[in-house]
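*Asks:* Starting from these lines, generate the structure:
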Amino acid sequence: MSSGNAKNVIKQWNTKSERIGTAFVIDREEIIHQAFISAFWAHHLGPVEINNTILNNQSIGIELCSWGLLTKKNDKYYNAYSQEIPSEEVIIYQKLFRGSFYYQKYTDKQLDSLRNLVVYLFDAYGIPKTYNLGL
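*Replies:* You can find the predicted model right below:
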């Protein structure tokens, strides 16, 4: 859960000593915010464990702002702060995921920004744009 405000997300990370965060945060209006230089890293893949530390160090974290998990009451959807989320912004999963069926969708603008950022990072770091499944 991150809300729709990238600046608040980054500000909140800076209040903690755990070095949790992502290099980039994309807000709900498609604006890409850079929290720190992408050549550096922070813990963005979960608990601080040796395997996650290695993976965090070898990846670039990107977060898309969303309220995440929602609850449904009387055909309305609410975030963790009891704020109503419009039904057109809700995706309903067929199977329970992390305690809910209801989540706030990412916007088309966010997904476009994500695609552009990933292409830029591929070029900047010489990452191949194809994936070999070993088939």
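*Asks:* Please spell out which residues along the lengthiest helix in the chain are buried.
*Replies:* If you go by DSSP state H, the chain has its longest helix at helix 108-125. Within helix 108-125, the residues that count as buried by 16 or more other CB atoms under 10 Å are Gln110, Ser113, Leu114, Leu117. No exception for glycine: its C-beta is placed from N, CA and C like everyone else's.
*Asks:* From those, pick the one nearest Gly126.
*Replies:* Leu117 (16.0 Å; CB to CB).
*Asks:* quick one, what contacts that closest one?
*Replies:* Phe24, Ile26, Ile32, Ile62 (CB atoms under 8 Å, 6 or more residues apart in numbering).
*Asks:* switch to 10 Å and redo it
*Replies:* Ala23, Phe24, Ile26, Ile32, Gln34, Ser38, Ile60, Ile62 (CB atoms under 10 Å, 6 or more residues apart in numbering).
*Asks:* Would you mind measuring from the fifth one to Tyr93?
*Replies:* In this structure, Gln34 lies at 31 Å from Tyr93, with CB to CB, to the nearest Å as the measure.
*Asks:* secondary structure class for the spatially most central residue of the chain?
*Replies:* With distances taken as CA atoms, centre = their mean, the residue of the chain nearest its centroid is Glu63 (2.6 Å). Counting by DSSP: H, G, I helix; E, B strand; the rest coil, the backbone at Glu63 sits in strand.
*Asks:* Use 45 as the first number for this chain going forward.
*Replies:* Will do, 45 is the new start, and the previous item becomes Glu107.
*Asks:* follow-up on the earlier one: quick check, nearest of the contacts of Leu161 to Leu114?
*Replies:* After measuring those against Leu114 - CB to CB - the closest member comes out as Ile70, at 19.6 Å.
*Asks:* Report the separation between that closest one and Gln78.
*Replies:* Ile70 is 11 Å from Gln78, by CB to CB.
*Asks:* any shared contact partners between these two?
*Replies:* Ala50, Leu161.
*Asks:* What ranges does the chain have for its helices?
*Replies:* So, for the chain - with DSSP H - the helices run 50-57, 94-101, 152-169.
*Asks:* So which of the ones you listed is nearest Trp111?
*Replies:* Ranking the helices of the chain by proximity to Trp111 (CB to CB) places helix 50-57 first, at 11.7 Å.
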